[in-house]
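In: this one's structure only:
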Ligand SMILES: Nc1ncnc2c1ncn2[C@@H]1O[C@H](COP(=O)(O)OS(=O)(=O)O)[C@@H](OP(=O)(O)O)[C@H]1O
Ligand SMILES: Nc1ncnc2c1ncn2[C@@H]1O[C@H](COP(=O)(O)OP(=O)(O)O)[C@@H](O)[C@H]1O
């Protein structure tokens with residue numbers, strides 16, 4: 001894919017990200033949830049969004065299951081397609097954070113290199129990697145969509161954790177034990193957002 005056309009020139013607009021953040025009364029950021037299928041990414045991200053919304057924070061939740069019905073409906077689960085999925089979502093998340101929102105994204109995002117690509121794009125300080133660490137055996141026992149069962153039966157190929165790799169984060173901003181109570185996990189995430197001065201409330 002072409003990087004960009006040299007004839008396309010960046011245009012600096014008069015309203016800055018700092019001005020937009022001032023209006024929102026909090027900083028823009030990307031909370032990047034990563035973990036196995038069934039680890040709890042959507043559940044925890046959804047509960048955190050609810051808590052933030054109640055605190056008056058402007059949020060948006062990007063979820064793999066939903067984005068793959070629209071923006072990324074042409075993509076499957078090969079390594080190349082997952083990479084493109086994360087690239088597109090990373091760009092959208094970056095734009096939303098630039099708009100001053102606290103973005104929550106819930107994608108398996110199994111490869112370190114792609115998560116690093118999004119980190120570089122969003123920038124240190126704004127990118128918060130959230131590792132939802134739930135053992136494969138627990139995810140498989142939960143199996144809310146019956147996908148692990150299908151993968152074990154050989155009916156679903158390239159399934160993360162079964163016949164496709166998951167590279168755990170080495171230095172996530174926060175490492176959650178995905179077997180703890182959701183309320184406990186939300187308290188840890190709110191603490192981090194306050195400590196990093198993303199939110200003030
Ligand atoms: N082969 C394979 N591997 C993993 N997951 C699969 C696969 N096929 C379908 N699904 C369903 O798609 C959801 C993961 O989509 P993501 O966009 O998060 O995946 S990725 O980040 O591009 O790897 C994932 O949702 P979650 O369970 O919410 O993680 C699955 O429901
Ligand atoms: N902390 C938790 N403790 C117990 N069950 C959980 C927890 N988080 C999620 N679950 C349950 O695990 C299943 C998978 O959660 P989900 O959020 O869909 O995972 P993911 O988005 O990572 O695939 C759901 O049935 C959900 O209710």
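Out: Cool, got the structure. Small disclaimer: the values here were computed from a predicted structure and weren't measured. Ligands and ions are numbered 1, 2, ... in the order given.
In: The worst-scoring helix or strand of the chain on mean pLDDT and ligand 2, are they touching?
Out: Comparing helices and strands within the chain by mean pLDDT, DSSP states H and E singles out helix 64-67 as the least confident, with a mean of 90. No: Helix 64-67 stays clear of ligand 2 (CB under 6 Å from any ligand atom), getting no nearer than 7.4 Å. All C-beta atoms are positioned from the backbone trio N, CA, C, and that covers glycine.
In: Heading C-terminal from that helix, find the next helix or strand.
Out: Reading on from helix 64-67 to the C-terminus, the next helix or strand found by DSSP states H and E is helix 79-98.
In: Buried residues in stretch 43-51, which are they?
Out: 43, 44, 45, 46, 47, 48, 49, 51 (16 or more other CB atoms under 10 Å).
In: What count of nearby residues applies to the closest residue to ligand 1 within the chain?
Out: For the chain, the residue closest to ligand 1 is residue 64, as judged by CB to the nearest ligand atom, at 2.7 Å. Residue crowding around residue 64 was assessed by other CB atoms under 10 Å; the count is 20.
In: can you check residue 106 too?
Out: Residue 106: 29 neighbours (other CB under 10 Å).
In: before we move on, what about residue 192?
Out: Residue 192 is flanked by 15 other residues according to other CB under 10 Å.
In: Next up, the contacts around it.
Out: Neighbouring residues of residue 192 by CB atoms under 8 Å, 6 or more residues apart in numbering: 128, 173, 174.
In: same deal with residue 125?
Out: For residue 125, the set of contacting residues under the criterion of CB under 8 Å, 6+ apart consists of residue 196.
In: Tell me if it really is in a strand.
Out: No: counting by DSSP: H, G, I helix; E, B strand; the rest coil, residue 125 is not found in a strand; it is coil.
In: that older thread, report the spatially nearest residue to the residue of the chain closest to ligand 1, omitting neighbours in sequence.
Out: Here the nearest residue to residue 64 in space, its sequence neighbours aside, is residue 107; by CB to CB, 6 or more residues apart in numbering that works out to 4.4 Å.
In: Pretty sure residue 88 is one of the things that neighbour touches, is it not?
Out: No: between residue 107 and residue 88 there is no contact, the gap being 10.5 Å when judged by CB atoms under 8 Å.
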